[in-house]
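>>> With the sequence up front, the predicted model follows.
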Amino acid sequence: MAGPRPELEAWQDPTAAPLVEINGVTKTFGSHYAVDDVSLTIFPGEFFSLLGASGCGKSTLLRVLAGFERPDKGRVLIGGEDVTDLPPYRRPVNMMFQSYALFPHLTVADNVAFGLRQERIPRGEIRQRVEDMLKLVRLNEFARRKPDQLSGGQRQRVALARSLVKHPKLLLLDEPLGALDRKLREHTQFELVNIQERLGITFIMVTHDQEEAMTMSTRMAVMNEGRIRQIGTPSEIYEFPSNRFVAGFIGAVNQFEGRVVEQQDDLLLVHVDDSEGDAAELRVRSSQAVAPGTPVVVAVRPEKVRIGTTEPPAGDNRLHGRIEEIAYLGDVSIYHVRVPDGSLIEAQLTNRARRAAAPLTWGDEAWLGWNSEDAVALLE
Amino acid sequence: MTVRRPTLVFSLLAFGYAFLYTPIFSLIVYSFNESRLVTVWAGFSTKWYVSLLHNEQLLGAAWISLRIALMNATLAVVLGTLAGTALVRFGRFRGRSALALMIGAPLVMPDVILGLASLLLFVAMEQLIGWPAGRGMTTITIAHVTFSMAYVAVIVQSRLVRLDPSLEEAAMDLGARPWKVFFVITLPLIAPALAAGWLLAFTLSLDDLVIASFTSGPGASTLPMVVYSSVRLGVSPEINALATVLVALVTIGIVIAGWSMQRKARQTQV
């Protein structure tokens, strides 16, 4: 959703100077590894998301960056400076809290001015900057109000203004949209990205909502059990998940467990366990060299699976089955097809494609197929 | 049942109020008694209030009690707040459970033991380091602070536990040092608890008889001590007059506090 971008993104450019470097950070609570040997490099101007289920360590990692938790091992560098041992009030970083943490005894304007008042900034300048910031989040009418006289969405914007007013090099956002209702959340997603692009501040956001991470981020890291499982742009992570966890966590996916039979150039021939005939032979593109016999999971997204009554030519990836369930979601329809080996395969058809094709209904026999380059081989 | 419910509720209510307030009410009524005998009504008079004004022993004791209570409440709030903050905000430091236990101890310790222990300590200290020289207001205040700071610590602790820790983190994140965070964010937010703790410590000190009796010295008799010793020689209606004045002061205080709290609540609603 971002505007035109340079040809080479900062993370692909070997000469680019990173803003944040996290080197082998580990944080334990008792015997529990909240963050386990995480390394991460983030570049200026990025909107980076840490995505994962609750308890995966993403919030702890954010708190390490803010300075509220001290890592047991590893270093954190911001703008080339080692900040691992710096307290929160000495870091060029601000944070927007999940609960917003607005000071209830101060007005909106005083909340926003709080950060500036901690530095020796002339009163006139503070007033000006607070006013500008409140204008940016469209709250200048509410400057005299107390936080408990605001709606949830307004409070969220006060929290954003307060954390941006010091022009930090890096803004940390802990589930910034978590407390908003669905409609407001979608609107605020765009607003946040707009503000981020306008101010040019680097954002690191923690979220458990994959859709949110996908729409807002330039890059994201998927975390599980304290470790980063994959880092990449939203489309890289969606199209080319590097392991089963990421494939299963982001969106829906059909998975086939099997073993590599042989490799022909960049095509792997995979024998699927416990199945026969067409279903047993799958072809999947892989750039890596894989030895025959290696266990592999073939993953294919439902929207990449074609469904129809005509039989695809032999030698394609094809499965035959019976439609068990059709879910009509408006823009798309989801088909659950039971194949001979007993598993359920999910296929997705857009509304337009569904109307164009021969009508399929419950209990119909149908053919499923997909292109070899649309599937991913997960070795792990 | 023949008794209708509203009647039942009303009579229970009346009984409850009577149970609570008859002693105080009769005390107030008899303070305007003409007779010297507290239990015999002999017509309306305010002469005991006049004679109270001239009773320097009682007034002096009231003044001592008031000063001790003020000093005690203030010191107890400072120390109790520090203790409560340490217990809630400083994580699992060494000796935390010992501190928690020792803070709680004065709440359940009988006054007699606290008083006796304080007395023994003061005597021993005087012999060892020569301070405090003799017993008086200072020793009473110190003894009062030791037990009333425990109450303040408990009140502050329960308020701090309910305070979102990310408020303090946010202030630190915005560049405020820990001490500044405490004074600018934490303190204003727990102010109601501090006020409640101060009032409680003030009251505890004002009506303590046992500990004060142990730790007091010549010339430092508190009001409860004087009242108690004079009642043993027979109750003078002057005591009734004094009690009425105290009740009036407390009532005025409560009314003002309630009124200002209501006003504040209305302000935040707007």
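Great, that's in hand.
>>> ok, now which ones touch the residue nearest the centre of chain B?
In chain B, the residue lying closest to the centroid (C-alpha atoms, centre = their mean) is B:Thr203, at 1.8 Å. Contacts for B:Thr203 (C-beta atoms under 8 Å, 6 or more residues apart in numbering or on different chains) come out as B:Ala69. Every C-beta, even on glycine, is put in place using the N, C-alpha and C of the backbone.
>>> quick one: secondary structure of it?
In three-state terms, and counting by DSSP: H, G, I helix; E, B strand; the rest coil, B:Thr203 is helix.
>>> distance of it from B:Val88?
Distance of B:Thr203 to B:Val88, given as C-beta to C-beta, to the nearest Å: 25 Å.
>>> Phi first, then psi, for the residue lying closest to B:Ser236 once chain neighbours are set aside.
Once flanking residues are discounted, B:Ser236 sits nearest to B:Ser230: 6.5 Å by C-beta to C-beta, 6 or more residues apart in numbering or on different chains. Torsion angles at B:Ser230 (phi, psi; degrees, to the nearest 10) stand at phi -80, psi -30.
>>> Ok, A:Phe103 next?
phi -70, psi 110.
>>> Can you report how many residues lie near A:Ala34?
Residues within reach of A:Ala34, counting by other C-beta atoms under 10 Å in any protein chain shown, total 23.
>>> What residues sit buried inside whichever strand or helix holds it?
Assigned by DSSP states H and E, A:Ala34 falls within strand A:32-42. Buried positions in strand A:32-42, judged by neighbour count with 16 or more other C-beta atoms under 10 Å in any protein chain shown: A:33-36, A:38, A:40-42.
>>> and which of these is nearest to chain B?
A:Ala34 (15.8 Å; C-beta to the nearest C-beta).
>>> The closest one: what's it in contact with?
A:Ala34 is in contact with A:27-28, A:57, A:60, A:226, counting by C-beta under 8 Å, 6+ apart.
>>> that older thread, mean confidence for the strand holding A:Ala34?
The average pLDDT for strand A:32-42 rounds to 95.
>>> all helices for chain A, in order.
Under the criterion DSSP state H, chain A carries helices at the ranges A:58-66, A:108-117, A:123-136, A:152-164, A:182-199, A:210-216, A:234-239, A:244-249, A:351-356.
>>> want to throw those helices into CSV with mean neighbour count, distance to chain B and mean pLDDT?
Formatted as CSV, these follow (neighbours: other C-beta atoms under 10 Å in any protein chain shown; distance: least, C-beta to the nearest C-beta, whole Å; pLDDT from 0 to 100):
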stretch, mean neighbour count, distance to chain B, mean pLDDT
helix A:58-66, 24, 6, 96
helix A:108-117, 23, 4, 96
helix A:123-136, 15, 13, 95
helix A:152-164, 22, 7, 95
helix A:182-199, 15, 17, 90
helix A:210-216, 20, 21, 92
helix A:234-239, 17, 28, 92
helix A:244-249, 20, 27, 91
helix A:351-356, 12, 45, 75
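>>> Which residues of the stretch 151-270 of chain B lie near chain A?
Residues of the stretch 151-270 of chain B lying close to chain A by C-beta under 8 Å from any C-beta of the partner chain are B:164, B:166-167, B:169-177, B:180, B:185, B:188-189, B:268, B:270.
>>> Can I get the helices of chain A in CSV including distance to B:Gly136?
Shown next, in CSV, are the helices of chain A (distance: least, C-beta to C-beta, whole Å):
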stretch, distance to B:Gly136
helix A:58-66, 53
helix A:108-117, 47
helix A:123-136, 51
helix A:152-164, 53
helix A:182-199, 66
helix A:210-216, 69
helix A:234-239, 76
helix A:244-249, 73
helix A:351-356, 91
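>>> Quick one: closest of the ones you listed to A:Val290.
Ranking the helices of chain A by distance to A:Val290, with C-beta to C-beta as the measure, places helix A:244-249 first at 15.9 Å.
>>> what's that closest one packed up against?
If you count contacts as 3 or more C-beta pairs under 8 Å, 6 or more residues apart in numbering or on different chains; DSSP states H and E, helix A:244-249 packs onto strand A:219-224, strand A:227-232, strand A:254-264, strand A:295-300, strand A:375-378.
>>> hmm, 6 Å instead?
Contacts defined by 3 or more C-beta pairs under 6 Å, 6 or more residues apart in numbering or on different chains; DSSP states H and E place helix A:244-249 against strand A:227-232.
>>> Touching the strand it packs on from outside, list them.
If you take C-beta atoms under 6 Å, 6 or more residues apart in numbering or on different chains as the criterion, strand A:227-232 is touched by A:36, A:38, A:221-222, A:237, A:242-243, A:245-246.
>>> how about those in TSV, adding distance to A:Tyr335?
What follows is those, written out as TSV (distance: C-beta to C-beta, whole Å):
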residue	distance to A:Tyr335
A:Asp36	40
A:Val38	39
A:Ala221	33
A:Val222	28
A:Ile237	25
A:Ser242	28
A:Asn243	27
A:Phe245	26
A:Val246	24
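>>> What is the most widely separated pair among those?
Farthest-apart pair in the contacts of strand A:227-232 is A:Asp36 and A:Ile237; separation 20.1 Å (C-beta to C-beta).
>>> What degree of burial does residue 96 show, as a neighbour count?
Going with chain A. 24.
>>> To clarify, I was referring to chain B.
Using other C-beta under 10 Å, B:Arg96 is surrounded by 13 other residues.
>>> try B:Arg5
If we define neighbours as other C-beta under 10 Å, then B:Arg5 has 8 of them.
>>> Distance-wise, check it relative to B:Gly16.
B:Arg5 is 16 Å from B:Gly16, where distance means C-beta to C-beta.
>>> Now name the helix or strand holding the one residue in the stretch 1-150 of chain B that gets nearest to chain A.
Across the stretch 1-150 of chain B, the shortest distance to chain A (C-beta to the nearest C-beta) belongs to B:Arg92, at 10.9 Å. For B:Arg92, there is no enclosing helix or strand under DSSP H and E.
>>> re earlier: pairing partners for the strand holding A:Ala34, with directions?
strand A:20-29 (antiparallel) (DSSP bridges).
>>> which residues sit against the strand it pairs with?
With contacts defined as C-beta under 6 Å, 6+ apart, strand A:20-29 is touched by A:34-42, A:60, A:69, A:71-78.
>>> pull the CA atoms of the helix or strand hosting B:Ser97 into PDB?
For B:Ser97, the element it lies in under DSSP H and E is helix B:96-108. Taking Å, rounded to 0.1, in the frame of the first residue of the first chain, the C-alpha atoms of helix B:96-108 are listed here in PDB:
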ATOM      1  CA  ARG B  96      11.300  -8.400  50.300                       C
ATOM      2  CA  SER B  97       9.300 -11.100  52.100                       C
ATOM      3  CA  ALA B  98      10.900 -10.100  55.400                       C
ATOM      4  CA  LEU B  99       9.900  -6.500  54.800                       C
ATOM      5  CA  ALA B 100       6.300  -7.500  53.900                       C
ATOM      6  CA  LEU B 101       6.100  -9.600  57.000                       C
ATOM      7  CA  MET B 102       7.500  -6.900  59.300                       C
ATOM      8  CA  ILE B 103       5.200  -4.300  57.800                       C
ATOM      9  CA  GLY B 104       2.200  -6.500  58.500                       C
ATOM     10  CA  ALA B 105       3.300  -7.300  62.100                       C
ATOM     11  CA  PRO B 106       2.300  -4.100  63.800                       C
ATOM     12  CA  LEU B 107      -1.200  -4.500  62.400                       C
ATOM     13  CA  VAL B 108      -1.800  -7.600  64.400                       C
END
